[in-house]
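Asks: pasted the sequence and its predicted model underneath.
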Amino acid sequence: MAATNQQPIVIISDSAIAKIAIAVKQILTDDFKALIEEKQKTILFELAEIKQKQTELEFSYGEDLEQHSRKQCVRLSGVPYTLGENTDTKIIEITNKLGVDMQPNDITISHRTAKPRQIIARIPNQRLKKKLLQASKQLKDRPDLQEDIYDLLSSIGCSSFGNLLQGTGYMYRLGDDHSGPYTVFAPSDAAINNLPPEIVKIFNFGNWELAFDIVSYHITKDISLLASLQNNGLYDTMLDNSQLRFNVHTISGANITSPDNTATNGVVHVIDRMLYRFPEVYTTQYVHEHQNLSKISLLIDKGGLHDQLKAQNITMFVPNDEAFNAAPNFNMTNLLMNDTAIANFVSSLIVNSVYFTADLVNGQDLFTSQGSRIRINVIPGNITVNNSGISEPDLITKNGVVHIINKLL
């Protein structure tokens, strides 16, 4: 019989086709339903996130409005209370005495507080408010028109730092009489005008997080008047895990040029430079992390001196690698073979107190932990330590300060 290529014919009944159609429809329906349910869950989750964000924004907006409202207020203390007084009228009388033309409609609302019975007035016109505060300084017998920290900055030569507070959000906190109290170490306008370009760039071109950290490093909680600051005392800042070190008349190496400027919510000390180098590591770590200090780092390792370089309140004059290379008759190999000699050498670089360059005076003698004497010579623009120049001064560490020098002592 001849072979045939014909395909077998399959006959499917109408009822079978109907059953297949129903089954396929059910499968598609189930898949589509599952897809819709999954999408619905995602949408509901995203909607919940949006509602949460909306709540947070509404709260933040309300808080900002309240802070803005408080920014319009001025406080007057020392104004005698009289029964049935009109505080608006008293404010007008005071402003007339100060030579400031203020009308009743310039005051939105005013009232007496509980003790200490100050008068608080809301004056939306910021120019008028500023004029009033400036005029109040001219009268010795005036009521004490107190400014918050933010407003105070412009009247003590720190307007530029005030602008940085605006850019980082601290304006609202330091401009709030009900916030704080705080102590602010505010760089003068001259200090900010003399910032190096790389730091100016941080504030001008949007590195907000670093700018925020730098500003936070200038602010501490509570009130610390100059007389209460302890030599070698450490003070926690608003920057997490970072402290300022007070030393004689400096704060982390910056001179305090105008101390104890009091405000309604704290005190401001004016300093002569911005503090943008944070103490992130101990002296021993600082030395190990810098390539140009490899030789002194090797000696510290070989001598097992890490704990000595973690001691609190030390100044270390650290020779860079060039200082070792240029030293005549210095034999590194011989030194590495004698742990006692290593300990003596490293100890001759350490002073057991903190000295920033601002604390050093001409002809001063410092004594090292090894017992040797270091002579300081200061001429304008230059400081030498036993005739060695300081190539990198005032490098702040968690336990003191490092000065990198270019000759062996």
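Replies: Cool, got the structure.
Asks: which other residues reach stretch 94-112?
Replies: Residues from elsewhere that reach stretch 94-112 (C-beta atoms under 8 Å, 6 or more residues apart in numbering): 72, 76, 79, 81, 85, 87-88, 91-92, 118-125, 128, 131-132, 135-136, 138-139, 142-143. Glycine gets a C-beta too; all of them are placed from N, C-alpha and C.
Asks: next: stretch 295-315.
Replies: Looking at what lies outside stretch 295-315 - C-beta under 8 Å, 6+ apart - the contacts are 232, 282-284, 287-288, 316, 318-319, 321, 324, 332, 335-336, 339, 342-343, 345-347, 349-355, 366, 369, 399-403.
Asks: roughly how far is that stretch from the heart of the chain?
Replies: Computed by C-alpha atoms, centre = their mean, to the nearest Å, the separation of stretch 295-315 from the middle of its chain amounts to 29 Å.
Asks: what about it, average pLDDT?
Replies: On average, the pLDDT along stretch 295-315 is 93.
Asks: can you give me the buried ones in it?
Replies: 295-300, 303, 305, 308-310, 313-315 (16 or more other C-beta atoms under 10 Å).
Asks: now do the end-to-end distance for it.
Replies: In stretch 295-315, first residue to last residue: 19 Å (C-alpha to C-alpha, to the nearest Å).
Asks: grab the most central residue of this structure for me.
Replies: Centroid-nearest residue in the chain, with C-alpha atoms, centre = their mean: Ser216, separated by 2.0 Å.
Asks: so for that one, what's the pLDDT?
Replies: At Ser216, pLDDT is 93.
Asks: that one and Met238 touch, don't they?
Replies: Yes - Ser216 lies in contact with Met238 (C-beta atoms under 8 Å); the separation is 4.1 Å.
Asks: which residues in the stretch 301-409 of the chain form helices?
Replies: 321-326, 332-336, 339-347 (DSSP state H, counting those that start in this stretch).
Asks: just the chain next, same as before
Replies: 14-71, 87-97, 126-136, 149-155, 159-168, 170-174, 189-193, 197-204, 208-216, 283-288, 294-303, 321-326, 332-336, 339-347 (DSSP state H).
Asks: just name the most buried of these.
Replies: helix 149-155 (a mean of 23; mean count of other C-beta atoms under 10 Å).
Asks: send me that one as PDB with only the CA atoms.
Replies: The C-alpha coordinates for helix 149-155 follow below in PDB (Å, rounded to 0.1, in the frame of the first residue of the first chain):
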ATOM      1  CA  ILE A 149      20.700  85.600  68.300                       C
ATOM      2  CA  TYR A 150      19.800  85.900  64.600                       C
ATOM      3  CA  ASP A 151      18.900  89.600  64.800                       C
ATOM      4  CA  LEU A 152      21.900  90.400  67.100                       C
ATOM      5  CA  LEU A 153      24.400  89.100  64.500                       C
ATOM      6  CA  SER A 154      24.000  92.100  62.100                       C
ATOM      7  CA  SER A 155      24.600  94.600  64.900                       C
END
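Asks: show me the contacts for Leu128.
Replies: Leu128 neighbours (C-beta under 8 Å, 6+ apart): Val100, Met102, Asp106.
Asks: per-residue pLDDT, His403?
Replies: At His403, pLDDT is 94.
Asks: check Ile36 too.
Replies: 83.
Asks: ok, it to Leu44 distance?
Replies: According to C-beta to C-beta, to the nearest Å, Ile36 stands 12 Å off from Leu44.
Asks: cool, and Val346?
Replies: 65 Å.
Asks: swap in Pro328?
Replies: Pro328 is 79 Å from Leu44, by C-beta to C-beta.
Asks: low-confidence ranges in the stretch 151-300 of the chain?
Replies: Along the stretch 151-300 of the chain, segments meeting pLDDT under 70 span 205-206.
Asks: which residues are in contact with stretch 192-207?
Replies: Contacts of stretch 192-207 (C-beta under 8 Å, 6+ apart): Ser160, Phe161, Leu164, Gly167, Leu210, Ala211, Ile214, Arg273, Met274, Tyr276.
Asks: swap in 10 Å and give it another go.
Replies: Contacts with stretch 192-207, where a contact means C-beta atoms under 10 Å, 6 or more residues apart in numbering, come from 158-161, 163-164, 167-168, 186-188, 208-211, 213-215, 272-274, 276.
Asks: Phe367: neighbouring residues, count only.
Replies: By the measure other C-beta atoms under 10 Å, the count of residues near Phe367 is 12.
Asks: tell me, what's touching Ser216 and Met238 both at once?
Replies: In contact with both Ser216 and Met238: Tyr170, using C-beta under 10 Å, 6+ apart.
Asks: closest one to Ile251 among the helices of the stretch 301-409 of the chain?
Replies: In terms of C-beta to C-beta, the element of those nearest to Ile251 is helix 339-347, at 28.3 Å.
Asks: out of the helices of the chain, which gets nearest to Gly266?
Replies: Taking the helices of the chain one by one with C-beta to C-beta, helix 149-155 is closest: 5.3 Å.
Asks: what helices and strands are in contact with the closest one?
Replies: helix 126-136, helix 159-168, helix 170-174, strand 182-187, strand 254-263, strand 266-271 (3 or more C-beta pairs under 10 Å, 6 or more residues apart in numbering; DSSP states H and E).
Asks: make it 6 Å
Replies: Packing partners of helix 149-155 (3 or more C-beta pairs under 6 Å, 6 or more residues apart in numbering; DSSP states H and E): helix 159-168, helix 170-174, strand 266-271.
Asks: all good on my end, thank you.
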